[in-house]
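**Student:** sequence and predicted structure below; questions after.
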Amino acid sequence: MQPLLDVKNLSVEFALRQGPLEAVKNVSFSLNKGERLGLVGESGAGKSVTGFSIINLISKPGYISNGSIMFEGQDLAKMPFDKMRGVRGNRISMIFQDPMMTLNPVLTIGTQMIETVMAHMDVTRKEAEEIALEKLRKVYIPSPRKRLAQYPHEFSGGMRQRIVIAISLLTDPSLIIADEPTTALDVTIQAEIMDLLLELCETDNMGLILITHDLAVVSEVTQRIAVMYAGGIVETGSTRQVTETPGHPYTQGLIAALPQSGAAGDRLTQIPGAMPSLMNMPAGCPFNPRCQHCTDICKQELPTLKENKSGILVACHHADKV
Amino acid sequence: MSTDSLVKIKNLVKHFDISGGLLDQLQMENGRITRKQTVVKAVNNVSFEIQKGETLSVVGESGCGKSTLARTVMGLYPPNSGEVHYDGQRIDCLPHRQMLPYRTKMQMVFQDPYASLNPRMTVRQIIEEPIYFHNKGISRGDAKNKLHEVMRSVGMDPEWAGNYPHEFSGGQRQRISIARALAVEPEFIVADEPIAALDVSIQAQILNLLMDAQEERNLTYLFISHDLSVVEHISTRVAVMYLGSLCELGTAKEIFSSPRHPYTRALLSAIPTLGGEKKKHIHLSGDVPTPINLPPGCVFHGRCQFANDRCREEIPLGRNLENGTLCACHAVEEGRL
């Protein structure tokens, strides 16, 4: 079966005065129809840039320098701007972190939703309104007809994010990219939004790329996971396997650093140091200065993704030992 | 038990008047001009004690008043009513000069290490400023020794003292602000979301640092956080707040293993967990009401599935349960829950 999305050797560069800065390096992953993938990493790991590059939202001085993004038979990396509009916000929708920033504060929810429908579909205003109402019901907004006439500030944070999700559903996309959709929200609302996203993906057989720094959230929602570090994928496999038996020392460190219930008061396992700046990357494996398994080869050669004994793809020279 | 308490707050109330000037307050009502004041009721009637050497965490969602509570305890906000006691002495009504000795004993670490460090000061100036301020007449050599000692104790090389905050990463900056707090040898530290702005791998470093400092210096912490798994890890006792009121207070073990208050139950069920079977989240209906118009009775009744008429009328008082947990809920008290 042909995958819904197939990203191959994607690199994204930013042209700076000091020369090109490679924010995403040679990233490959694929997503089947209805599959949910988590892109996990710390700030600066390149997870958002990867997500943005799929629908070509990289703004100058950034550009896709290499690789292909095959989606429903077309290469999005080489698609001209005007054709891209037929995909972006239509076949692929995006949900951003802060719903207050995503929604236009001076337009009613109804105006924004109807505008989106009419931009992508050949429908009358009346029909567009019906579609908007249907999607608001789908995300459990009570009394949707009344709500259409309201402005974003009249909603709570959780409701706003539901409306953003409803807008992303308007064109029945086959893929949703959610970039830290619950980071700005409280934990009870996060649970609600994640349950909603999961339910929508399952009922409509939609694909989801969930970009987040929170491993626990990813483990509850996604089937597969890709861990990013300093611009590259260091580990990818089924969510269950990666969270239970992580293969890369970085993933192992990340999971060990989470406070586990039942071990209260103990020292947490910490990864020494911090992620290197993209301007100043160490030679070889980018994780080598923080890695306890580091040897000479790690300082010279960049490891590639290889399958380890538990079937996870791991980019580490010592994948079999760690 | 009460003899060991370091900080004690009693019926603390903090309201903020947001109605603006007199002209903003005037409104036309039925043809008459009336004056109307709008008050945010951030903290309502909260009482607890913090024992020497423990970590008391306050958890709750944004807007529940946990930061306001912390700042009121520190004396950064004067309370509208209620008392704050430190080591047996009431401190909320002290004049500035008499408050000074308490300022060295109580220190605060803020959430955002980008905003809480002056960008125009070097690390040396940032850390030495409180040392000079609180130890009048201290020699330069002594201040420098102190600077080096605290920098080393937070895992920073004293060589970096001449650098500016922007030259450091978020985690390093948070170390600087912890060093600044430790520089005056405090007994009590209020940490207001100290790790919320940091990455996961850095969070563990800072939490370990806070726990080590507590052990070495016998510190008492008031820890404010919305991250429940972190709270479970580092706390001795946990206080759960909702809409300015205390719902439940008990040892971390009791709160996390057998939460009693319906809000605590919903809050804990929402924590995402790594691996294993997905838990069922308890969904609360509706949204948090505004702290301007507090609902009558129990503040949680509008979203509580166990609410009855009594909950809608009578404010529940904190009552001690058999396991020592303090819980403010009519349903728990009546045995309905």
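**Tutor:** Yep, that arrived. Numbering: from 1, shown residues only, chains lettered A, B, ... in the order given.
**Student:** grab the nearest non-local neighbour of residue B:16.
**Tutor:** With Cβ to Cβ, 6 or more residues apart in numbering or on different chains as the criterion, residue B:16 has its nearest non-adjacent residue at 4.5 Å, and that residue is residue B:40. Just so you know, the C-beta spots here come from the backbone N, C-alpha and C atoms, and that holds for glycine as well.
**Student:** ok, now which ones touch the nearest residue to residue B:229 once chain neighbours are set aside?
**Tutor:** Of all residues not flanking residue B:229 in the chain, residue A:259 sits nearest, at 4.8 Å (Cβ to Cβ, 6+ apart). Residues counted as contacts of residue A:259 (Cβ atoms under 8 Å, 6 or more residues apart in numbering or on different chains) are A:268, B:207, B:229, B:230, B:232, B:233, B:234.
**Student:** the fifth one: neighbour count?
**Tutor:** Number of residues near residue B:232 (other Cβ atoms under 10 Å in any protein chain shown) recorded here: 25.
**Student:** need the residues that contact the strand or helix carrying it.
**Tutor:** Residue B:232 belongs to helix B:228-234 when elements are defined using DSSP states H and E. By Cβ under 8 Å, 6+ apart, the residues outside helix B:228-234 that reach it are A:187, A:216, A:258-261, A:263-266, A:268, B:55, B:57, B:59, B:195, B:203, B:207, B:210-211, B:221, B:223, B:225, B:238, B:252, B:256, B:267-268, B:271.
**Student:** what subset of those residues is buried?
**Tutor:** A:187, A:216, A:258-260, A:264, A:268, B:55, B:57, B:59, B:195, B:203, B:207, B:210-211, B:221, B:223, B:225, B:238, B:252, B:256, B:267-268, B:271 (16 or more other Cβ atoms under 10 Å in any protein chain shown).
**Student:** include distance to residue B:190 and pLDDT when you put the contacts of residue A:259 into a markdown table, please.
**Tutor:** Formatted as a markdown table, the contacts of residue A:259 follow (distance: Cβ to Cβ, whole Å; pLDDT from 0 to 100):
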| residue | distance to residue B:190 | pLDDT |
| --- | --- | --- |
| A:268 | 21 | 86 |
| B:207 | 16 | 93 |
| B:229 | 21 | 88 |
| B:230 | 16 | 90 |
| B:232 | 20 | 92 |
| B:233 | 19 | 91 |
| B:234 | 14 | 92 |
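**Student:** of these, closest to residue A:143?
**Tutor:** Using Cβ to Cβ, residue B:229 comes nearest to residue A:143 of the contacts of residue A:259, at 36.2 Å.
**Student:** how many neighbours does the closest one have?
**Tutor:** Residue B:229, neighbours per other Cβ under 10 Å, totals 18.
**Student:** hmm, back to that, name the helix or strand for the residue nearest to residue B:16, please.
**Tutor:** In the assignment (DSSP H and E), residue B:40 maps to strand B:39-51.
**Student:** what residues sit buried inside that strand?
**Tutor:** For strand B:39-51, by 16+ other Cβ under 10 Å, it's B:40, B:41, B:42, B:43, B:44, B:45, B:46, B:48, B:49, B:50, B:51.
**Student:** now it, how far from the chain's geometric center?
**Tutor:** The chain centroid and the centroid of strand B:39-51 are separated by 11 Å, computed with Cα atoms, centre = their mean, to the nearest Å.
**Student:** re earlier: ok, the residue nearest to residue B:16 touching residue B:19?
**Tutor:** No - taking Cβ atoms under 8 Å as the definition, residue B:40 is not a contact partner of residue B:19, at 10.0 Å.
**Student:** hmm, back to that, reformat the buried residues of strand B:39-51 as CSV; add pLDDT and distance to residue B:185.
**Tutor:** Shown next, in CSV, are the buried residues of strand B:39-51 (pLDDT from 0 to 100; distance: Cβ to Cβ, whole Å):
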residue, pLDDT, distance to residue B:185
B:40, 91, 36
B:41, 92, 36
B:42, 93, 31
B:43, 94, 29
B:44, 93, 34
B:45, 93, 34
B:46, 94, 28
B:48, 94, 25
B:49, 94, 23
B:50, 95, 18
B:51, 94, 20
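**Student:** elements contacting the longest helix seen in chain A?
**Tutor:** Longest helix in chain A, counting residues (DSSP state H): helix A:187-204. Under the contact criterion of 3 or more Cβ pairs under 8 Å, 6 or more residues apart in numbering or on different chains; DSSP states H and E, helix A:187-204 touches helix A:157-169, strand A:175-179, strand A:207-212, helix A:215-221, helix B:262-269.
**Student:** that helix - what's its average pLDDT?
**Tutor:** On average, the pLDDT along helix A:187-204 is 91.
**Student:** now do the buried residues in it.
**Tutor:** For helix A:187-204, the neighbour count (16+ other Cβ under 10 Å) marks A:187-198, A:200-201 as buried.
**Student:** now stretch A:242-257
**Tutor:** Quick answer for stretch A:242-257 (16+ other Cβ under 10 Å): A:242-243, A:245-255, A:257.
**Student:** what does that stretch rub up against?
**Tutor:** By Cβ under 8 Å, 6+ apart, stretch A:242-257 touches A:40, A:215, A:219, A:225, A:227, A:229, A:234-237, A:268-271, A:287, A:290-293, A:308, A:310, A:312, A:314-316, A:319, A:322, B:200-201, B:203-204, B:274-275.
**Student:** 7 Å instead?
**Tutor:** A:215, A:219, A:225, A:227, A:229, A:234-235, A:268-271, A:287, A:291-293, A:308, A:310, A:312, A:314-316, A:319, A:322, B:200-201, B:203-204, B:274-275 (Cβ atoms under 7 Å, 6 or more residues apart in numbering or on different chains).
**Student:** buried subset of these?
**Tutor:** Using 16+ other Cβ under 10 Å, the buried ones in the contacts of stretch A:242-257 are A:215, A:219, A:225, A:227, A:229, A:234-235, A:268-271, A:287, A:291, A:308, A:312, A:314-316, A:319, A:322, B:200-201, B:203-204, B:274-275.
**Student:** which bits of the stretch 201-322 of chain A sit near chain B?
**Tutor:** Proximity of the stretch 201-322 of chain A to chain B, by Cβ under 7 Å from any Cβ of the partner chain, involves residues A:213-217, A:219-220, A:240, A:243-244, A:253-255, A:257-259, A:261, A:264, A:267-271, A:274.
**Student:** change it to 6 Å
**Tutor:** The stretch 201-322 of chain A comes close to chain B at residues A:215-217, A:219-220, A:243-244, A:254, A:257, A:259, A:261, A:264, A:267-268, A:270-271, A:274, as judged by Cβ under 6 Å from any Cβ of the partner chain.
**Student:** quick one, what contacts the residue most central in space within chain B?
**Tutor:** Centroid check for chain B by Cα atoms, centre = their mean gives residue B:224 as the closest residue, at 3.6 Å. Residue B:224 makes contacts with B:58, B:66, B:70, B:192, B:193, as judged by Cβ atoms under 6 Å, 6 or more residues apart in numbering or on different chains.
**Student:** which of these sit farthest apart?
**Tutor:** Most distant of the contacts of residue B:224, by Cβ to Cβ, are B:58 and B:193, 10.4 Å apart.
**Student:** pick out whichever of these two has more residues nearby.
**Tutor:** residue B:58 (28 against 19).
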